[in-house]
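Participant: Dropping a prediction and its sequence here:
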Number of protein chains: 2
Amino acid sequence: MHTNTAIKLIKRPTGGPITADSFEITQLAVVSPKDGEVLIKQQHLSLDPAMFGWMSPDTESYIPPVALGDVMRSSGIGEVIESNNPNFSVGDRVMGMMGWQQYYLGDGQGLNKVDAPLPNEAVLSIFALPGLTATQGLFNVGKPIKGETIIVTGAAGSVGSLVGQLAKAEGLTVIGVVGSDEKADWIVNELGFDAAINYKSADLDAQLAQHAPKGIDVFFENTGGDIQPLIFERMNAHGRVIVCGLIADYAKATPTPGPSWLNVIKKRITIQGFTMPDHFHQVPQLLEKLTPYVMAGQIKHRSHVLEGLESSIEGLNLFFTGANKGKLIVKL
Amino acid sequence: MHTNTAIKLIKRPTGGPITADSFEITQLAVVSPKDGEVLIKQQHLSLDPAMFGWMSPDTESYIPPVALGDVMRSSGIGEVIESNNPNFSVGDRVMGMMGWQQYYLGDGQGLNKVDAPLPNEAVLSIFALPGLTATQGLFNVGKPIKGETIIVTGAAGSVGSLVGQLAKAEGLTVIGVVGSDEKADWIVNELGFDAAINYKSADLDAQLAQHAPKGIDVFFENTGGDIQPLIFERMNAHGRVIVCGLIADYAKATPTPGPSWLNVIKKRITIQGFTMPDHFHQVPQLLEKLTPYVMAGQIKHRSHVLEGLESSIEGLNLFFTGANKGKLIVKL
């Protein structure tokens, strides 16, 4: 019998970089499935910014925090290696919240079989949390209209890169905000964004004026940061702000204030936050919406694959530095 | 023939109190109506916080600013004294945007006959801009649900006092934020609010905790100010913020920042601004919604009546000090 290497959360991060002392790497026994259970060998797991919320002590959040001493929460993809559940057979390829561990044992609840003829990295990059989040946020919250201008922060990130491509396919003018010239090049020349702005530039407002001469109708916010109020100031009447992430604030003890609500009145703006757990019951409809774009070849992705379960810990810090190039995935 | 005393806007306020040098009091000739026109002797006019927007140079606002040299914009009620328009007869009682002047000449567009058996002050306090704004904002933006908790700032104001009474009639727990103990007494003991908070108190957060033990579901914002972030922090999941006014910010050169959007995500909050000019086409439906509450005796009001057209100028400053007691109305 194998040993199951797992990583438990033992101390909550308190802001600043994620450090190894928040976690304990441990060896658990691999237990054979009882009646109704299924055992999965996880092959790839996904690192997502939502994890900062899951590690936080805040119990008001949309999903309960990971309890101290529990295996860290994450989604992943793998293969059924033993099954006592009639819905799963050995060899089935499945996705689900399997956590930071090599083997996952469960009753099948929350596991979904994967039929798409795509490699694991593509499945986790497009059809898992990023694709569902992008589809829900853009279409159901942002309600984009052909001809409008959308700006997406974190535009080279797992969600932002999909939002921009979906918006482009819908006929919007798409501006992406990124943190490096390499990412700017990628989203414009590979993904087809109309323009990119490096948020580290000095002339952010001038660049916004240049690329959004008609103002901004939809603002898909993944990051926060100094560009937030500048974008908000350029919103058009009846603009929509989709607040999906604020990675620039997650590691701060005191979050940066938001824009004054004066423009919310003057421009009759709607600012709406959302998180996927509220919408898991809509997953079939979201996949139905997303799949045709993927099948039509309109959605590209790139994965940044880290090797080995232990790389998950340090990997989280790539969200703060933005040094990752593509969807962060850990290969087990 | 009479003379028409009128007040023109000649200089835009730049923040701080409204001063007489922004206006010119002038005597215009009263001209008899030409074919299709109607002449009205205005009896009462309404002072509304929206006027600060109308005087501002910002052309992005929801309604064009008053041009320099034009008669200041306002709504009012009066009597038709000459008519060359088949839709209006001498003696008709009408409401409309008649401006800061004694006599109004127009083609009838935007004038509505008033049939309600209520004095002018009550009509301007309930069925004019305040009632339409309260009804649109509370029901169509805020979507209140029986049993929820709502907090209303500017709760003794023309809009806030109606919002609170409508919410109470709908079965919500209603907390009002006011600027004096006299107003607190009025909204609780006369209007039936469940609780009042004087925003000048030292222990605002403790009072919020006491009066909203289950958190806040709907936040109807009329004022801004230091209590705004404290209220926002106590919003429940799926809370709605209706941004209707920010009187505390209108006279500031630099508006106060708003709350961080972190809670917008965590609590999946919707913040939505609105202004009535977008919804004038819905006025019949809004009146249909509002009237039964009024007829059932569930809506009380009080008016603060200033005497004479010239009192309009200094009257605007009462919005900043909060020294008015009830809907500000000028008797001509």
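Facilitator: All right, it came through fine.

Participant: going forward, measure contacts between C-alpha atoms and count neighbours the same way
Facilitator: Noted.

Participant: can you give me the strands for the stretch 151-300 of chain A?
Facilitator: For the stretch 151-300 of chain A, applying DSSP state E, counting those that start in this stretch gives strands covering A:173-178, A:195-198, A:216-221, A:235-243, A:270-273.

Participant: Strand partners (parallel or antiparallel) of the second one?
Facilitator: Pointing back at strand A:195-198 there. Using DSSP bridges, the strands paired with strand A:195-198 are strand A:173-178 (parallel).

Participant: can you list contacts of the strand it pairs with?
Facilitator: A:147-156, A:164, A:167-168, A:184, A:187, A:193-199, A:211-212 (Cα atoms under 8 Å, 6 or more residues apart in numbering or on different chains).

Participant: Now do the same for the residue lying closest to A:Pro65 once chain neighbours are set aside: its pLDDT.
Facilitator: The shortest distance from A:Pro65 to any non-neighbouring residue, by Cα to Cα, 6 or more residues apart in numbering or on different chains, is to A:Trp54 (4.5 Å). Predicted confidence (pLDDT) for A:Trp54: 89.

Participant: Show me what from chain A comes close to chain B.
Facilitator: A:60-62, A:237, A:243-246, A:249, A:255-262, A:264-275 (Cα under 8 Å from any Cα of the partner chain).

Participant: Just the buried ones from those?
Facilitator: A:61-62, A:237, A:243-246, A:249, A:255-256, A:258-262, A:264-275 (16 or more other Cα atoms under 10 Å in any protein chain shown).

Participant: picking that back up, okay if I get the strands of the stretch 151-300 of chain A as TSV plus mean pLDDT?
Facilitator: Shown next, in TSV, are the strands of the stretch 151-300 of chain A (pLDDT from 0 to 100):
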stretch	mean pLDDT
strand A:173-178	98
strand A:195-198	98
strand A:216-221	98
strand A:235-243	97
strand A:270-273	98
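
Participant: Could you name the helices and strands sitting against the helix or strand harbouring A:Ile329?
Facilitator: Assigned by DSSP states H and E, A:Ile329 belongs to strand A:327-331. Judged by 3 or more Cα pairs under 8 Å, 6 or more residues apart in numbering or on different chains; DSSP states H and E, the packing partners of strand A:327-331 are strand A:38-46, strand A:303-307, helix A:311-316.

Participant: ranking the ones you listed by burial, who's on top?
Facilitator: Of the helices and strands packed on strand A:327-331, the one with the most neighbours on average (mean count of other Cα atoms under 10 Å in any protein chain shown) is strand A:38-46, at a mean of 24.

Participant: Run the chain-centre distance for that strand.
Facilitator: 19 Å (Cα atoms, centre = their mean, to the nearest Å).

Participant: Check what contacts stretch A:195-213 and list those residues.
Facilitator: So stretch A:195-213 is in contact with A:149, A:174-181, A:184-185, A:187-188, A:215, A:227, A:230-231, going by Cα under 8 Å, 6+ apart.

Participant: For it, buried residues please.
Facilitator: A:195-199, A:204, A:207-208, A:211-212.

Participant: now the end-to-end length of it.
Facilitator: By Cα to Cα, to the nearest Å, the extent of stretch A:195-213 from end to end equals 12 Å.

Participant: before we move on, the earlier item: so which of the strands of the stretch 151-300 of chain A is nearest B:Gly322?
Facilitator: Closest approach to B:Gly322 among these (Cα to Cα): strand A:270-273, 28.5 Å.

Participant: neighbouring strands for the closest one, and are they parallel or not?
Facilitator: strand A:235-243 (parallel), strand B:270-273 (antiparallel).

Participant: follow-up on the earlier one: could you redo the helices and strands packed on strand A:327-331 as CSV and give each row mean pLDDT?
Facilitator: Converted to CSV, those look like this (pLDDT from 0 to 100):
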stretch, mean pLDDT
strand A:38-46, 97
strand A:303-307, 95
helix A:311-316, 96
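
Participant: Relative to A:Asn84, which of those is closest?
Facilitator: Across those, closest to A:Asn84 is strand A:38-46 (Cα to Cα), at 5.8 Å.

Participant: I'd like the strands of the stretch 151-300 of chain A written out as JSON lines, with distance to A:Pro33 added.
Facilitator: What follows is those, written out as JSON lines (distance: least, Cα to Cα, whole Å):
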{"stretch": "strand A:173-178", "distance to A:Pro33": "45"}
{"stretch": "strand A:195-198", "distance to A:Pro33": "50"}
{"stretch": "strand A:216-221", "distance to A:Pro33": "42"}
{"stretch": "strand A:235-243", "distance to A:Pro33": "41"}
{"stretch": "strand A:270-273", "distance to A:Pro33": "40"}
